[in-house]
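Visitor: When you get a sec, could you give me coordinates for this:
(one chain, ligands or ions: 2)
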Amino acid sequence: MNAIDWSNLSFGYMKTDYNVRSYYKDGKWSAPAETTSENIDIHMAATCLHYGQEAFEGLKAFKGKDGKIRIFRMRENALRMISSCHGIMMEELPVEVFEEAVVKAVKLNERFVPPHGSGASLYIRPLLIGMSAQVGVKPASEYLFLVFVTPVGPYFKEGFKPTPVAILRGYDRAAPLGTGTIKVGGNYAASLTAGNKAHGMGYSAVLYLDAREKKYLDECGPANFFGVKNNTYITPLSSSILPSITNKSLMQLAEDIGLKVERRPIPEEELATFEEAGQVGTAAVISPILRVDDIDENKSYIISKDGNAGPVSSKLYNKLRAIQLGDEPDTHNWVTILE
Ligand code: PLP
Ligand code: COI
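Guide: Ligands and ions are numbered 1, 2, ... in the order given. So this is what the prediction gives:
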C-alpha cells in the first residue's frame, strides 16, 4: 500500500482490506463474515433497486494517544438503524449483529485508522438492503447487512472555517415517501438537485425549511442545524429531520459547559439574532455557518461577522473531538474502546 497522507484526506471512498456482511435468509441472520470483494451480487428485481428498500448509517472510529481505537456511540446508530427498518418494513437488524459487524470491520482494517493528531478518522458505513425479487410493491424476504470503512478528512474542504449555506424554497428535504426521519438513500437522491444547485452558487449546503409552511428551519443537506444566542444552544424540533447523534451529543455537552438548551421550532427570521450557527453531523462534525442566504426571498443573514468560528462552537467542537479521541474522560459512556 502507498503511504496515506493522513492530514490531507478528503471525505471520499478509499479501498480498504475487508468489508463485513450478514445475510437474512430463512428467518435468521448469518454470523457477520468478512470478504475482500467490493461488489455485491444482486437480483435485478431486488427491492432496494426498485422501491428504495435500503437504509444506511454513518459513524466514526478514532485512534487515541494511547494507540487504542475508539468507536463513537455505536449503539445509537444500531438503534437508529432499527427505526429505519420499521420505517420501510425491512427485517429488524439486531443490535448485536450491527455491533459485531462494525467492530469486526474496524479491527480487520486497523491499518486504515488514521493516527492521533492527524485530524482524520475512519468513517464506518453500515448498509442494509432488500435483496430478494419483488415486482409488486412488497417488502423483500431476504436482506443483506454490510459494513465498509474508509479513512476520511473533513466533509467540507473548509474544515472548521465558516461557510455560507442557501435556502432554496423550491426544494424539500424529505423524499415524497415521507421518510424524512430515517436514513434512506432515496432521501439523499432527492436532495441531489438542490445540493448541486447550491454548490454551483458557492454554498456548502442547502438549509431546508419545513416542507409544509416554509417557515421554520429544518436541517441542512448532510447535517442538523444549531444556532447560539444568549448563552443558549438552539436546535430545531421537527418531525422531518434526521435525529442526529452528533446533535444529541452536543446538546448534552452544551449543558455540561453551562449553556441552556432549547429544542423547538425556529422561524427563519430568527437567523438574524444568532451569534453563531453550524451544521452538525458525523461527517460534518461542527461546520460553522458564515451566512445564510434565502435565495428566492433575496434575504441574507450574516452569522459570523469576522469570518471565524465563534467561541461556543469552538468550545463544543474541541470538547466533542477530545472525547472521541480519548483526550478527555468519556463521562457519558459514549465510546467503545477496542481491545
Ligand atoms: N441530517 C442528515 C440529513 C444527515 O445525513 C446526517 C448525517 O448522518 C445528520 C443529520 C447527522 O446525523 P449524525 O450526527 O447521527 O451523523
Ligand atoms: C454522516 O454524517 O454520516 C452522513 O451520513 C452525512 C452524509 C455523508 C450523507
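Visitor: C-alpha only now, for contacts and for neighbours.
Guide: OK.
Visitor: Now do the SS call for the closest residue in space to Glu91 that isn't next to it in sequence.
Guide: Of all residues not flanking Glu91 in the chain, Cys85 sits nearest, at 6.3 Å (Cα to Cα, 6 or more residues apart in numbering). Local secondary structure at Cys85 is given as helix here, using DSSP: H, G, I helix; E, B strand; the rest coil.
Visitor: okay, now Cys85: neighbour count?
Guide: Neighbours of Cys85 under the rule other Cα atoms under 10 Å: 22.
Visitor: and if you look at Asp306?
Guide: Neighbours of Asp306 (other Cα under 10 Å): 10.
Visitor: Show the backbone phi and psi for it.
Guide: The phi/psi pair for Asp306 (degrees, to the nearest 10) reads phi -110, psi 10.
Visitor: Quick one: name whatever helix or strand follows the least confident helix or strand in the chain by mean pLDDT.
Guide: Averaged element by element with mean pLDDT, DSSP states H and E, the chain has its least confident helix or strand at helix 185-190 (a mean of 84). Tracing the chain past helix 185-190, the next element assigned as helix or strand by DSSP states H and E is helix 192-200.
Visitor: Spell out which residues of the stretch 201-339 of the chain are next to ligand 1.
Guide: By the rule Cα under 6 Å from any ligand atom, the part of the stretch 201-339 of the chain lying against ligand 1 is Gly221, Pro222, Ala223, Asn224, Leu242, Ser244, Ile245, Thr246, Asn247, Gly281, Thr282.
Visitor: If the third one is in a bridge, with which residues?
Guide: What it means is Ala223. Residues in a beta bridge with Ala223, per DSSP bridges, are Cys220.
Visitor: thought it was touching Gly281?
Guide: Yes - Ala223 is within contact range of Gly281, at 4.9 Å (criterion: Cα atoms under 8 Å).
Visitor: Counting by contacts, list what the helix or strand that contains Leu316 packs against.
Guide: Secondary structure assigned from DSSP H and E places Leu316 in helix 311-325. Under the contact criterion of 3 or more Cα pairs under 8 Å, 6 or more residues apart in numbering; DSSP states H and E, helix 311-325 touches strand 59-63, strand 69-72, helix 245-256, strand 276-281, strand 285-294.
Visitor: Could you list the residues of the stretch 1-150 of the chain in contact with ligand 1?
Guide: Proximity of the stretch 1-150 of the chain to ligand 1 (Cα under 6 Å from any ligand atom) is limited to residues Gly58.
Visitor: How about Val147: what's its closest non-neighbour residue?
Guide: Using Cα to Cα, 6+ apart and skipping the chain neighbours, the partner closest in space to Val147 is Pro126 (4.2 Å).
Visitor: Can you report how many residues lie near that neighbour?
Guide: Pro126 has 25 neighbouring residues, counting by other Cα under 10 Å.
Visitor: hang on, the earlier thing: what mean pLDDT does the helix holding Leu316 get?
Guide: The pLDDT scores in helix 311-325 average 98.
Visitor: hmm, who's touching that helix?
Guide: Around helix 311-325, the neighbours that count as contacts under Cα atoms under 8 Å, 6 or more residues apart in numbering are 62-65, 70-72, 116, 228, 249-250, 253-254, 276-278, 285-286, 288, 328-330, 335.
Visitor: same question, stretch 247-255
Guide: Residues outside stretch 247-255 that contact it (Cα under 8 Å, 6+ apart): Asn224, Tyr233, Lys260, Val261, Val280, Gly281, Leu316, Lys319, Leu320.
Visitor: quick revisit: surely the residue nearest to Glu91 and Pro94 touch.
Guide: No - judged on Cα under 8 Å, Cys85 makes no contact with Pro94 at a distance of 10.5 Å.
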